[in-house]
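J.: predicted model follows, preceded by the sequence.
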Amino acid sequence: QGPPPVVLLHGFIDNRSVFVLLRRSLVQHGRHRVESLNYSPLTCDIRTAAELLGRHIEEICERTGSPQVDIVGHSLGGLIARYYVQCLGGDLRVRTLVTLGTPHAGTRVAPLANAHPIVRQMRPESPLIQELRGPAPGCRTRFVSFWSDLDHLMDPLESACVDHPDLHAENVRVTGVGHLALPVHPAVATGIRQALDGTGVQDTDGTTKAHKGGLTVA
């Protein structure tokens with residue numbers, strides 16, 4: 001049946017067009033079932049968005065005949081997908097979740113945007129972030145989190161790493177790539193393909209290098 005479908009989930013105030021280059025790269029390398037989902041810019045609750053994502057994934061699995069999917073989520077999209085996997089039983093459906101610049105531990109950036117409920121949910125002290133810190137025994141999904149040393153929307157930078165004792169997670173450091181460029185950077189696209197294939201993420205010179213608990217790809 002081949003590899004599972006890949007579901008691409010965009011970030012806050014963005015849409016699925018951000019994944020045009022990544023989608024092309026995935027298709028060119030054998031991932032022919034790629035779905036790009038849009039969620040409403042009026043979305044005000046990550047939990048509700050995660051429930052909707054679950055319904056989309058059930059439809060994709062029924063339509064394709066695949067029991068599982070892989071997900072690539074940018075920024076907020078990765079947080080929505082993680083909530084689905086960790087708190088709504090989505091680990092039955094999601095084989096690998098790749099996140100790009102996702103505030104797994106919350107971020108303190110953009111205090112003036114706190115009026116938006118979604119932004120408040122992405123703060124380090126929010127009830128939702130505290131919920132994701134809770135136990136997740138037996139979670140089946142493999143996590144690969146790409147975080148950048150030039151991501152000005154992550155405060156601190158390491159908040160984009162997955163740090164949870166119950167989750168099978170690999171954190172991949174990307175150097176010199178900003179937050180908005182993560183979904184379109186060629187080296188990151190290569191790393192995403194390697195992560196989805198389960199081969200381990202390699203550096204641009206062809207080697208696999210450890211760096212602060214993760215790997216460097218660019």
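T.: Noted; the coordinates are in hand.
J.: surely Asp166 meets Pro137?
T.: Yes: taking Cβ atoms under 8 Å as the definition, Asp166 is a contact partner of Pro137 at 5.7 Å. Heads up, the C-betas are built off the backbone N, CA and C, glycines and all.
J.: who's more crowded, those two?
T.: Set Asp166 next to Pro137 and count neighbours by other Cβ atoms under 10 Å: Asp166 wins out with 12 against 6.
J.: what helix or strand is that one on?
T.: Under DSSP states H and E, no helix or strand contains Asp166.
J.: show the contacting residues for it.
T.: Pro135, Ala136, Pro137, Gly138, Cys139 (Cβ atoms under 8 Å, 6 or more residues apart in numbering).
J.: now tabulate these in CSV and tack on secondary structure.
T.: Formatted as CSV, these follow (DSSP: H, G, I helix; E, B strand; the rest coil):
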residue, secondary structure
Pro135, coil
Ala136, coil
Pro137, coil
Gly138, coil
Cys139, coil
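J.: quick check, nearest of those residues to Thr48?
T.: Taking Cβ to Cβ as the measure, Ala136 is the one of those closest to Thr48, at 20.3 Å.
J.: how close does the closest one sit to Cys87?
T.: 8 Å (Cβ to Cβ, to the nearest Å).
J.: now for whichever helix or strand Gly54 is part of, which elements pack on it?
T.: Take DSSP H and E as the rule and Gly54 turns out to sit in helix 46-64. Applying 3 or more Cβ pairs under 8 Å, 6 or more residues apart in numbering; DSSP states H and E, one finds that helix 46-64 contacts strand 6-9, strand 34-37, strand 69-74, helix 76-87.
J.: of those, which is nearest Asp151?
T.: Among those, the nearest to Asp151 by Cβ to Cβ is strand 69-74 (11.5 Å).
J.: the closest one pairs with which strands, and in what direction?
T.: strand 6-9 (parallel), strand 94-100 (parallel) (DSSP bridges).
J.: the ones you listed into a markdown table, with extra columns for mean neighbour count?
T.: Formatted as a markdown table, the strands paired with strand 69-74 follow (neighbours: other Cβ atoms under 10 Å):
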| stretch | mean neighbour count |
| --- | --- |
| strand 6-9 | 25 |
| strand 94-100 | 26 |
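J.: Serialize those strands to CSV and add fields for distance to Ser75.
T.: Formatted as CSV, the strands paired with strand 69-74 follow (distance: least, Cβ to Cβ, whole Å):
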stretch, distance to Ser75
strand 6-9, 9
strand 94-100, 7
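J.: what about Cys161, how many residues nearby?
T.: Residues within reach of Cys161, counting by other Cβ under 10 Å, total 25.
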